[in-house]
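A.B. asks: quick one, fold the following:
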Amino acid sequence: MTVHLFRNRWYRLYFKLLDSFGQPRCALCLLLSQIEEGLISTLLGAPDQRRKSRVSLKTLCVPHKSQLKKAAADDASLLPMLKTVIRDLLRQLGHPPKHQPPNWSHWLRQSRAGCPWCGQLLSKERTLCRSVIQFLDDTEFWKGFQRAPLLCLDHLEKCLSFGPNGKGFERLLNDQSAKLNELLNDLIRFEATGTKEECKVTALDWLADFGAAPSVSDGRVVLSSDEDSIPTELLSEEPADGSAGDGCDQEDLLFEKEKLSRKVRGLIQRLNELETRAASLQYRVAVLSEDNKRLEMGYTGASTQARGLEKLVRDLTAEIKTLKEGNAEQKSEAGIINDSTAAHERSNRQ
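C.D. replies: Okay, here's the model as predicted:
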């Protein structure tokens with residue numbers, strides 16, 4: 001994928017966010033879930049990968065231990081680490097601490113702050129939230145964000161916690177307000193009529209999606225210094241070899257090329273959709289034309305039959321009229337004959 005070609009992490013993050021907008025869930029939750037899956041995969045990977053991660057099972061929080069347990073249910077790669085934890089705990093049991101153990105308030109206060117994964121995820125989460133607001137200044141990113149589903153409640157509040165920050169923050173407010181109003185109207189309609197039942201699932205997903213990272217207000221989580229601040233604009237990072245000149249220019253050109261390529265692909269996709277729609281309309285027109293021809297032929301046949309029936313009616317009417325006139329003449333002749341016969345009989349009697 002072209003995104004992996006960028007040495008600039010902000011460029012990579014820009015396109016990762018842009019790609020996540022096409023998925024049917026909160027974009028930030030999706031990326032954090034992928035990061036979390038990567039951490040678990042690294043820990044369950046080859047021994048050299050586990051050594052590279054430098055994470056101890058004992059330091060993980062209970063939710064992450066549970067996720068690791070599910071992922072390693074049919075995987076024996078976690079057994080060496082489990083044996084190490086057991087040995088450490090046996091040594092601890094053999095040499096218990098002489099100082100007073102911490103009380104329960106210490107454990108409750110510390111919560112998940114000591115988990116190395118939670119610290120990494122929170123650092124990434126802050127970077128993602130601030131990046132969304134910053135990247136929304138870009139028109140193409142803004143168009144992609146408008147097509148994305150709602151940010152979940154947690155990430156929306158975390159984005160808002162950074163405060164007004166120019167055009168990007170205003171676009172965030174406008175987009176999320178419109179989508180929340182639409183969701184609220186759907187819920188009201190669902191309560192009243194029972195239609196659009198899927199809005200209930202959407203609202204529940206919005207309420208809670210990804211929940212691996214601790215709260216932003218937890219001061220015990222140490223944030224990485226390189227993730228704590230984001231440049232006000234997308235600036236190229238210096239290459240590893242130190243040649244900042246041509247390398248930065250090439251990186252900038254590659255970034256702009258990727259943006260233009262995505263725009264062209266979007267236009268081509270839109271053109272293909274329009275062509276498909278036009279072909280469908282043409283087929284529909286052809287079907288309607290055939291139906292129209294059949295109707296015209298049927299109309300012509302019906303008209304011919306109607307004219308034939310009209311002629312038959314006229315002929316029958318004329319024949320009936322002729323028969324009536326013939327009957328009248330016969331009745332008149334019969335009356336004359338009767339009168340003559342009656343007169344003849346009267347003359348004979350006289």
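
A.B. asks: please count neighbours and contacts with C-alpha atoms only from this point.
C.D. replies: Will do.

A.B. asks: which stretches of the stretch 1-150 of the chain have low pLDDT?
C.D. replies: Flagging of the stretch 1-150 of the chain using pLDDT under 70 yields the residue ranges 1-5, 46-53, 75-76, 89, 92-93, 96-114.

A.B. asks: run the last query once more with 80
C.D. replies: Within the stretch 1-150 of the chain, the stretches with pLDDT under 80 are 1-8, 44-63, 71-114.

A.B. asks: the helices in it, which residues?
C.D. replies: 9-20, 27-43, 47-53, 62-71, 79-94, 104-110, 116-135, 139-147 (DSSP state H, counting those that start in this stretch).

A.B. asks: alpha carbons only: can I get the longest one in CSV?
C.D. replies: Provided in CSV are the C-alpha atoms of helix 116-135 (Å, rounded to 0.1, in the frame of the first residue of the first chain):
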residue,chain,number,x,y,z
PRO,A,116,2.3,-0.3,29.3
TRP,A,117,-0.2,-1.0,26.6
CYS,A,118,-2.7,1.5,28.1
GLY,A,119,0.0,4.1,28.1
GLN,A,120,0.8,3.5,24.4
LEU,A,121,-2.8,3.4,23.4
LEU,A,122,-3.6,6.7,25.3
SER,A,123,-0.6,8.3,23.6
LYS,A,124,-1.8,7.2,20.2
GLU,A,125,-5.4,8.2,21.1
ARG,A,126,-4.4,11.8,21.9
THR,A,127,-2.4,11.9,18.6
LEU,A,128,-5.4,10.7,16.6
CYS,A,129,-7.8,13.1,18.2
ARG,A,130,-5.6,16.1,17.7
SER,A,131,-4.7,14.9,14.1
VAL,A,132,-8.4,14.7,13.2
ILE,A,133,-9.0,18.3,14.1
GLN,A,134,-5.8,19.4,12.4
PHE,A,135,-6.4,17.5,9.2
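
A.B. asks: next, format the helices of the stretch 1-150 of the chain as JSON lines and append distance to residue 181.
C.D. replies: Compiled in JSON lines, the helices of the stretch 1-150 of the chain are given as follows (distance: least, Cα to Cα, whole Å):
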{"stretch": "helix 9-20", "distance to residue 181": "23"}
{"stretch": "helix 27-43", "distance to residue 181": "19"}
{"stretch": "helix 47-53", "distance to residue 181": "44"}
{"stretch": "helix 62-71", "distance to residue 181": "34"}
{"stretch": "helix 79-94", "distance to residue 181": "50"}
{"stretch": "helix 104-110", "distance to residue 181": "37"}
{"stretch": "helix 116-135", "distance to residue 181": "21"}
{"stretch": "helix 139-147", "distance to residue 181": "14"}
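
A.B. asks: among the ones you listed, which is the most enclosed?
C.D. replies: A comparison of these by mean neighbour count, using mean count of other Cα atoms under 10 Å, puts helix 116-135 on top with a mean of 21.

A.B. asks: quick one: the host helix or strand of residue 182 to helix 116-135, angle?
C.D. replies: Element membership for residue 182, per DSSP states H and E: helix 167-193. Helix 167-193 and helix 116-135 meet at an angle of 100 degrees, taking axes from the mean of the first three to the mean of the last three Cα atoms, to 10 degrees as the criterion.

A.B. asks: name the helices or strands packed onto the top helix by length along the chain?
C.D. replies: Residue-count comparison of every helix in the chain, with assignments taken from DSSP state H, identifies helix 244-349 as the longest. For helix 244-349, the contact count by 3 or more Cα pairs under 8 Å, 6 or more residues apart in numbering; DSSP states H and E identifies no helix or strand as a packing neighbour.
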